[in-house]
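Colleague: any chance you can model this:
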Amino acid sequence: MVKQGTQGSAATGDAVTGPAGCAGRFRVPAQPAGPDAGRGRDRCDRPERAEDGEHTHGEHAHGEPAPSRPRPVVQRSSVRGQVLDALRTALVTGDLRPGEVYSAPVLAERFGVSATPVREAMQQLALEDAVEVVPNRGFRVVERGARELAELAEIRALIEVPVMVRLARTVSVERWAELRPLAEATVRAASSGCRATYAEADRAFHRAVLALAGNEQLVRITEDLHRRAQWPLVGSGPGGRGRAELVADAHEHTALLDALIAGDLDVVRSLVGEHFNGAV
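Modeller: Okay, here's the model as predicted:
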């Protein structure tokens, strides 16, 4: 079922920010309920241009003058990538709400681009199991529960704990010390209270640790699992965990780095397991 309550609050035209910030987040309007909802807008869409919506952020999706409401800053280059990043951020923050359906043309209006790059970004999210296609209506955000989060934590532990234990035995203290700024960056990100800011810093730290194994496929697979584990659960509401919980989670990074430097394998195993079970 598509909830109508979010559309009114979303219509304020808040600007997009990238994954690094929460202030002025883009609030995505849900598609209205009903079997024919949103089809009028789809029918009115003009044929999209060959450049797939790669016009400047000040231009309307149909080539008309942009309205006066604030527009997201989406540059001409890498439009699809920027839209995908913004939608991923909206998933983490809860602005794209589980169970609701979103229309590509409506989202495109908010971004100031054509519907094509938005559809392409949503198709990518469908491949990642973040959304599912609803024929003739748009994309529904997948609803997730505690069991799925626990399963993701178990898989991550099965993969990453042995790797980190091996790295603790083989990586030099100097190499570990180079990761200290990334661990400290997660604490600063958590202190901001912004879930999206912390999620990005959290992935960056784990990615850097696992990259020391020299296995690109390992990094790619664990990055995907990590990203999925960051999506909010059904009923958690926008924002997810509070600042104090994010800061506690971030301090586990510095403790883990200390254990890796010390080569304390028992502490490494314990910290990684606890960290995944409480993942943001």
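
Colleague: Val113 - that's part of a strand, no?
Modeller: No. With DSSP: H, G, I helix; E, B strand; the rest coil as the criterion, Val113 is coil rather than part of a strand.

Colleague: for the chain, what helix or strand is lowest in average pLDDT?
Modeller: The helix or strand of the chain with the poorest confidence is helix 5-10; it has a mean of 35 (mean pLDDT, DSSP states H and E).

Colleague: Leu179 versus Val173, what's the distance?
Modeller: According to Cβ to Cβ, to the nearest Å, Val173 and Leu179 sit 11 Å apart. (Glycine included, C-beta is placed from N, CA and C.)

Colleague: oh sorry, the question was meant for Asp129
Modeller: Asp129 sits 30 Å away from Leu179, going by Cβ to Cβ.

Colleague: how about low-confidence regions in the stretch 1-150 of the chain?
Modeller: For the stretch 1-150 of the chain, the stretches with pLDDT under 70 are 1-77.

Colleague: swap in 90 and give it another go.
Modeller: Scanning the stretch 1-150 of the chain for pLDDT under 90 picks out 1-80, 93-97, 110-113, 136, 143-146, 148-150.

Colleague: can you give me the domain boundaries for this protein?
Modeller: Domains of the chain are assigned by automatic domain parsing as 5-141, 146-277.

Colleague: show me where the stretch 151-280 of the chain has helices.
Modeller: Using DSSP state H, counting those that start in this stretch, the helices of the stretch 151-280 of the chain run over residues 173-177, 180-191, 195-211, 216-229, 243-262, 265-277.

Colleague: relative to Arg97, which of those is closest?
Modeller: Arg97 lies closest to helix 195-211 among those, at 14.0 Å (Cβ to Cβ).

Colleague: Val173 and Leu179: who's more crowded?
Modeller: Just comparing Val173 and Leu179: by other Cβ atoms under 10 Å the higher neighbour count belongs to Leu179, 21 against 10.

Colleague: any idea of the pLDDT on the closest residue to that one other than its chain neighbours?
Modeller: Once flanking residues are discounted, Leu179 sits nearest to Ala208: 5.5 Å by Cβ to Cβ, 6 or more residues apart in numbering. As predicted, Ala208 sits at a pLDDT of 97.

Colleague: Leu182 is in contact with Ala208, correct?
Modeller: Yes. Using Cβ atoms under 8 Å, Ala208 is in contact with Leu182, at 5.4 Å.

Colleague: which residue of these two possesses the greater neighbour count?
Modeller: Leu182 (18 against 15).

Colleague: if we ignore the residues flanking it in sequence, what's nearest that one?
Modeller: Using Cβ to Cβ, 6+ apart, the nearest residue to Leu182 is Phe205, at 4.6 Å.

Colleague: ditto for Val272
Modeller: Per Cβ to Cβ, 6+ apart, closest to Val272 is Val161, 5.0 Å.

Colleague: for the one you found, what are its contacts?
Modeller: Residues near Val161 by Cβ atoms under 8 Å, 6 or more residues apart in numbering: Val268, Arg269, Val272, Gly273.

Colleague: returning to what we had before: ok, the residue nearest to Leu182 - how many residues close by?
Modeller: 22.

Colleague: check Pro162 too.
Modeller: 12.

Colleague: cool, the one 5 residues further on as well?
Modeller: Neighbour count of Leu167, defined by other Cβ under 10 Å: 18.
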